[in-house]
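# Model the structure of this input:
(one chain, ligands or ions: 1)
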Amino acid sequence: MTDRYAVFGNPVVHSKSPQIHAAFACQTGQDLDYGLVEAPLGGFADALADFVTAGGRGCNITVPFKIDAFEAATETRPGAEQAGASNCLKLQDGRIIAENFDGIGLLKDIEQNLSTPLAGKRVLLLGAGGATRGVLVPFLSASPAQVTIANRTASKAADLAQGFSAHGPIEGIGYNALAGQAFDIVVNGTSASLNGDRLPLPDGLFAPGALAYEMVYAKGLTPFLNQARAGGVTNLADGVGMLVEQAAEAFAWWRGIRPETAAVIRDITVPLT
Ligand code: ATR
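Down below sits the predicted model:
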């Protein structure tokens with residue numbers, strides 16, 4: 001029988017996950033069906049229960065249900081535990097096992113696909129919400145010189161840094177404290193670009209040869225990427241590679257076979273223009 005998987009979100013109709021997992025299934029010869037579930041706001045647990053009853057084997061979770069998914073789990077794995085949220089569930093023999101592959105997906109995209117190892121680098125994460133929280137442990141595990149979190153609400157950045165200080169060198173500050181500092185890797189994990197908002201980034205923020213990475217994808221040159229380009233950055237990326245890499249981790253966890261990602265990233269990339 002064909003195994004069922006799905007991505008849960010609201011809205012979810014524009015998700016690329018069905019296309020990505022269909023490509024992985026084709027490439028690896030796995031018999032699976034991967035669909036979309038638009039759960040009503042406040043209705044994640046019921047929608048998940050229906051999916052389990054219908055024989056669902058696993059799901060990905062996108063906005064706004066990552067915390068609901070974590071709370072619905074009967075077991076949590078370290079990635080989900082550290083993020084306090086889950087983007088991937090395995091449904092097995094009545095168990096709901098929660099993981100989170102966003103952080104490892106971003107790390108793999110930056111280190112392997114974009115050939116930018118974090119070791120020894122000064123890394124800046126913009127924003128102190130769930131998107132940033134989920135990448136802190138994978139980033140600190142990659143031995144950067146320093147991870148700095150900058151956030152509009154400086155206290156949230158400081159609290160987040162404090163909570164992860166056992167994992168490596170990390171600080172949390174407000175945007176005004178960025179003046180005079182330069183970074184090798186700058187990742188935008190705020191939701192500012194989705195609203196077309198510019199961030200208050202000081203001149204000189206990007207070190208020579210820096211990578212500017214926008215976590216959202218398929219939005220073209222966002223305000224953040226435009227700011228980076230104006231600051232002399234030529235190494236610009238959006239989150240398409242992160243999306244495909246986290247999907248590959250999920251696929252490998254569910255199916256026990258690791259798909260190739262490069263061709264899939266190529267197929268769904270929207271040029272940064
Ligand atoms: P997510 O879970 O997707 O990360 P979130 O928890 O709502 O979403 O966090 C959104 C992040 O974007 C926050 O860091 C927020 O800053 P505040 O903590 O100060 O609210 C940041 N953000 C959103 N809009 C912004 C803007 N216009 N300028 C600067 N930061 C913004």
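
# Would you map the strands across the stretch 1-150 of the chain?
3-9, 32-38, 56-61, 75-76, 88-92, 95-99, 122-126, 146-150 (DSSP state E, counting those that start in this stretch).

# contact partners of the fourth one?
The contact list for strand 75-76 (Cβ atoms under 8 Å, 6 or more residues apart in numbering) reads 70, 86, 95-98. Any C-beta I mention is one placed from the backbone N, CA and C, and that applies to glycine too.

# Next: stretch 25-45.
Here stretch 25-45 has contacts from 2-13, 15, 17-18, 21-22, 24, 46-48, 51, 57, 59, 64-65, 68-69, 72, 251, 255, 257, 259-260, using Cβ under 8 Å, 6+ apart.

# buried subset of those residues?
3-10, 12, 15, 17-18, 21, 24, 47-48, 51, 57, 59, 65, 68-69, 72, 251, 255, 259 (16 or more other Cβ atoms under 10 Å).

# How confident was the prediction at H167?
Listed pLDDT for H167 reads 97.

# How many residues are close by the closest residue to it other than its chain neighbours?
Closest residue to H167 in three dimensions, ignoring its sequence neighbours and counting by Cβ to Cβ, 6 or more residues apart in numbering: L140, at 4.1 Å. By other Cβ atoms under 10 Å, 20 other residues sit near L140.

# Tell me the buried residues in stretch 41-55?
Buried residues in stretch 41-55 (16+ other Cβ under 10 Å): 44, 47-48, 51-52.

# Kindly report the same for stretch 213-222.
213-217, 219, 221-222.

# go on, stretch 113-122?
In stretch 113-122, counting by 16+ other Cβ under 10 Å, buried: 113, 116, 118, 121-122.

# what's the answer for stretch 189-205, then?
189-190, 192-193, 199, 201, 205.

# As CSV, the residues you listed with pLDDT and secondary structure would be great.
What follows is those, written out as CSV (pLDDT from 0 to 100; DSSP: H, G, I helix; E, B strand; the rest coil):
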residue, pLDDT, secondary structure
G189, 97, coil
T190, 97, coil
A192, 93, helix
S193, 87, helix
L199, 97, coil
L201, 97, coil
L205, 98, coil
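
# The top helix by length along the chain and the ligand, any residue contact?
Counting residues, the longest helix found in the chain (DSSP state H) is helix 240-255. No: Helix 240-255 lies out of reach of the ligand by Cβ under 6 Å from any ligand atom, never closer than 13.3 Å.

# what's the following helix or strand after that helix?
Counting by DSSP states H and E, the next helix or strand C-terminal to helix 240-255 is helix 262-268.

# Tell me the residue of this structure that sits nearest the ligand?
G129 (2.2 Å; Cβ to the nearest ligand atom).

# What is the neighbour count of that residue?
Residues lying near G129 (other Cβ under 10 Å) number 14.

# cool, and the one 10 residues further on?
Counted by other Cβ under 10 Å, the residues lying close to F139 total 26.

# ok, back up a step: and for the longest helix of the chain, what's in contact with it?
Under Cβ under 8 Å, 6+ apart, the answer for helix 240-255 is 5, 16-17, 20-21, 24, 28, 30, 32, 57-58, 60, 87-88, 90, 99, 101-102, 104-106, 108-109, 113-114, 215, 217-218, 257-259, 261, 264-265, 268-270.

# so when I look at A207, I'm seeing a strand, right?
Yes: using DSSP: H, G, I helix; E, B strand; the rest coil, the secondary structure at A207 is a strand.

# Please report the distance of the nearest residue to it once chain neighbours are set aside from R198.
Once flanking residues are discounted, A207 sits nearest to A182: 4.2 Å by Cβ to Cβ, 6+ apart. Here A182 is placed at a distance of 19 Å from R198 (Cβ to Cβ, to the nearest Å).

# Many thanks, have a good one.
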